[in-house]
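1. What would the 3D arrangement of this be:
(2 chains)
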Amino acid sequence: DVKVTQSSRYLVKRTGEKVFLECVQDMDHENMFWYRQDPGLGLRLIYFSYDVKMKEKGDIPEGYSVSREKKERFSLILESASTNQTSMYLCASSLSFNSNQPQHFGDGTRLSIL
Amino acid sequence: SQQGEEDPQALSIQEGENATMNCSYKTSINNLQWYRQNSGRGLVHLILIRSNEREKHSGRLRVTLDTSKKSSSLLITASRAADTASYFCVSGGYNKLIFGAGTRLAVHP
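-> Prediction:
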């Protein structure tokens, strides 16, 4: 079974802090994704990566950056946290960059910015 | 918005009843996927139906797809309290998944 692990379930940070969210997958998947989930809005794609050191912007990349130095790890970075970035953040991975492949999700990080 | 839309937004039923959730989408698709999310957890993939398929079954799940109407439905038969969760319809275009806002299903014992 694929396991996607997010480093924190809950995180509280202050406005202006630099925040790192970590995600690790154990199935040698090529592709990894970061989403945020807000009530009534569903999941929105922030960034994705289809290979080590490769990244592509999703629908809402502003205020975020990502890092993929190793195949199994994909980090989301909030350069200067703001209150409107309070949200549930979900990491996912898939075997290939093909929409016919299901995505496997971590349990999410609920981030609060005070 | 390019998001799919689920209907109803919330559904409350008794254990043993069937639950039907509908989904509409806006763009051309390669496939339509359904995911489930328990409260406070990540999404779990349930079933994928390709654009050239009309119906697919998996255990107590039955999914239909009508590409002419850009719509899909998920039927859960003989529901159980453990089916309580949010269910998301996800339209798969070329290299992109578009998530709907979900249907919250509550199954009461």
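
2. Can you pull up the most central residue in chain A?
-> Nearest residue to the geometric centre of chain A (CA atoms, centre = their mean): residue A:34, 2.6 Å.

3. My reading is that residue A:29 lies in a strand. Confirm?
-> No: per DSSP: H, G, I helix; E, B strand; the rest coil, residue A:29 lies outside any strand segment and is coil.

4. any idea how far the closest residue to it other than its chain neighbours is from chain B?
-> Using CB to CB, 6 or more residues apart in numbering or on different chains and skipping residues adjacent in sequence, the residue nearest residue A:29 is residue A:93, 4.0 Å away. Backbone N, C-alpha and C define where each C-beta goes, glycine included. Remark: distance between residue A:93 and chain B (CB to the nearest CB, to the nearest Å) = 11 Å.

5. unless I'm mixing things up, residue A:93 is touching residue A:102, no?
-> No: checked against CB atoms under 8 Å, the pair residue A:93 and residue A:102 is beyond contact range at 10.2 Å.

6. of these two, who's got more company?
-> residue A:93 (28 against 22; other CB atoms under 10 Å in any protein chain shown).

7. can I get the CA coordinates of the host helix or strand of the more buried one in CSV?
-> Here residue A:93 sits within strand A:87-94, counting by DSSP states H and E. The C-alpha trace of strand A:87-94 is given here as CSV (Å, rounded to 0.1, in the frame of the first residue of the first chain):
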residue,chain,number,x,y,z
SER,A,87,-6.1,26.1,5.7
MET,A,88,-5.9,22.4,5.4
TYR,A,89,-2.9,21.4,3.3
LEU,A,90,-2.9,18.0,1.5
CYS,A,91,0.0,16.3,-0.2
ALA,A,92,-0.5,13.6,-2.8
SER,A,93,1.5,11.4,-5.1
SER,A,94,0.8,9.4,-8.2
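
8. Quick one: mean pLDDT for that strand?
-> Strand A:87-94 shows a mean pLDDT of 95.

9. List the contacts of that strand.
-> Residues from elsewhere that reach strand A:87-94 (CB atoms under 8 Å, 6 or more residues apart in numbering or on different chains): A:2, A:4, A:6, A:21, A:23, A:25, A:27, A:29-38, A:43, A:74, A:76, A:101-106, A:108-111, B:42-43.

10. circling back: just confirm the residue nearest to the centre of chain A is within a helix.
-> No: counting by three-state DSSP, residue A:34 falls outside a helix, being strand.

11. quick one: the strands in the chain?
-> This is for chain A. Taking DSSP state E to define them, one finds strands in chain A at A:4-6, A:10-13, A:19-25, A:31-38, A:42-49, A:56-57, A:64-70, A:73-78, A:87-94, A:104-105, A:109-113.

12. that's the wrong chain, I wanted chain B
-> B:5-7, B:10-14, B:19-24, B:31-37, B:43-50, B:55-58, B:61-66, B:71-76, B:85-93, B:96-99, B:103-108.

13. now those in JSON lines, with mean pLDDT and mean neighbour count?
-> JSON lines is the format used below for those (pLDDT from 0 to 100; neighbours: other CB atoms under 10 Å in any protein chain shown):
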{"stretch": "strand B:5-7", "mean pLDDT": "80", "mean neighbour count": "19"}
{"stretch": "strand B:10-14", "mean pLDDT": "95", "mean neighbour count": "14"}
{"stretch": "strand B:19-24", "mean pLDDT": "94", "mean neighbour count": "20"}
{"stretch": "strand B:31-37", "mean pLDDT": "93", "mean neighbour count": "23"}
{"stretch": "strand B:43-50", "mean pLDDT": "94", "mean neighbour count": "19"}
{"stretch": "strand B:55-58", "mean pLDDT": "96", "mean neighbour count": "12"}
{"stretch": "strand B:61-66", "mean pLDDT": "97", "mean neighbour count": "18"}
{"stretch": "strand B:71-76", "mean pLDDT": "95", "mean neighbour count": "21"}
{"stretch": "strand B:85-93", "mean pLDDT": "88", "mean neighbour count": "24"}
{"stretch": "strand B:96-99", "mean pLDDT": "81", "mean neighbour count": "21"}
{"stretch": "strand B:103-108", "mean pLDDT": "95", "mean neighbour count": "18"}
